[in-house]
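**Student:** mind looking at a prediction? Sequence and model below.
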Amino acid sequence: GAVVSQHPSRVICKSGTSVKIECRSLDFQATTMFWYRQFPKKSLMLMATSNEGSKATYEQGVEKDKFLINHASLTLSTLTVTSAHPEDSSFYICSARQGGWYEQYFGPGTRLTVT
Amino acid sequence: AQSVTQLGSHVSVSEGALVLLRCNYSSSVPPYLFWYVQYPNQGLQLLLKYTSAATLVKGINGFEAEFKKSETSFHLTKPSAHMSDAAEYFCAVSDNFNKFYFGSGTKLNVKP
């Protein structure tokens, strides 16, 4: 149980285009989903927290207009990187939580490369 | 506020030797502590977690960690390293399963 999937696993896009990454909880309802970014050889940094049906809460320094997060259902959250630039290239990982005191389950990550 | 410090970005051990990965935390509230493993180009897999029950926590793949409040530590150990243990390991702290704060990671190399 408690499986989180991400799609796509890898994506290459051209500078200036937008790309959408999906995060799905496969066998539980995720009231809260989290998006992390992992820079090469660095740790994960929380970008934003999204609760189903409400606006995402972004961490300080994260551009909400650039990283659009939608959590329209209890099993799906999407991260859209708008007008992508090479510096947006990174490994993006989502996690999902079932309820207030449940642990987070992490997805396998999406490798974004912007050329 | 919570934070995690992992001493040693790279640790190298011989196969069969003891694995010790260090993690110290800072937390203003009783913490929940986690160890995750990450293989190349993959997400995080939970090894074990401390949630205020037993201070010695046993996880998967023979790993265990001990919560020491007096030392604010949660070091990860495994008695005998296996080649398949080579990966990057992250320690994390959370106050309520909401925000996770990750350490900078320790890359474990296992020599034959």
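**Tutor:** Done, it's in.

**Student:** now check the helix or strand of chain A with the lowest mean pLDDT, is it near chain B?
**Tutor:** Least confident helix or strand of chain A, by mean pLDDT, DSSP states H and E, is strand A:104-106 with a mean of 86. Yes: counting by Cβ under 8 Å from any Cβ of the partner chain, chain B has neighbours in strand A:104-106: A:Q104, A:Y105, A:F106. Placement of C-beta: from N, CA and C, glycine included.

**Student:** make a PyMOL selection of the buried ones in those residues.
**Tutor:** A single PyMOL command selects the buried members of the residues of strand A:104-106 next to chain B (16 or more other Cβ atoms under 10 Å in any protein chain shown):
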select buried, chain A and resi 104+105+106
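
**Student:** in JSON lines, list the residues of strand A:104-106 next to chain B along with distance to B:N98.
**Tutor:** Output for the residues of strand A:104-106 next to chain B, formatted as JSON lines (distance: Cβ to Cβ, whole Å):
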{"residue": "A:Q104", "distance to B:N98": "9"}
{"residue": "A:Y105", "distance to B:N98": "14"}
{"residue": "A:F106", "distance to B:N98": "15"}
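
**Student:** give me the most central residue, the chain.
**Tutor:** Unless you meant another one, I'm taking chain A. By Cα atoms, centre = their mean, chain A has its centre lying nearest to A:W35, at 3.7 Å.

**Student:** ah, I was thinking of chain B
**Tutor:** In chain B, the centroid-proximal residue (Cα atoms, centre = their mean) is B:W35; its distance is 3.6 Å.

**Student:** quick check, that one in a strand?
**Tutor:** Yes: assignment of B:W35 by DSSP: H, G, I helix; E, B strand; the rest coil places it within a strand.
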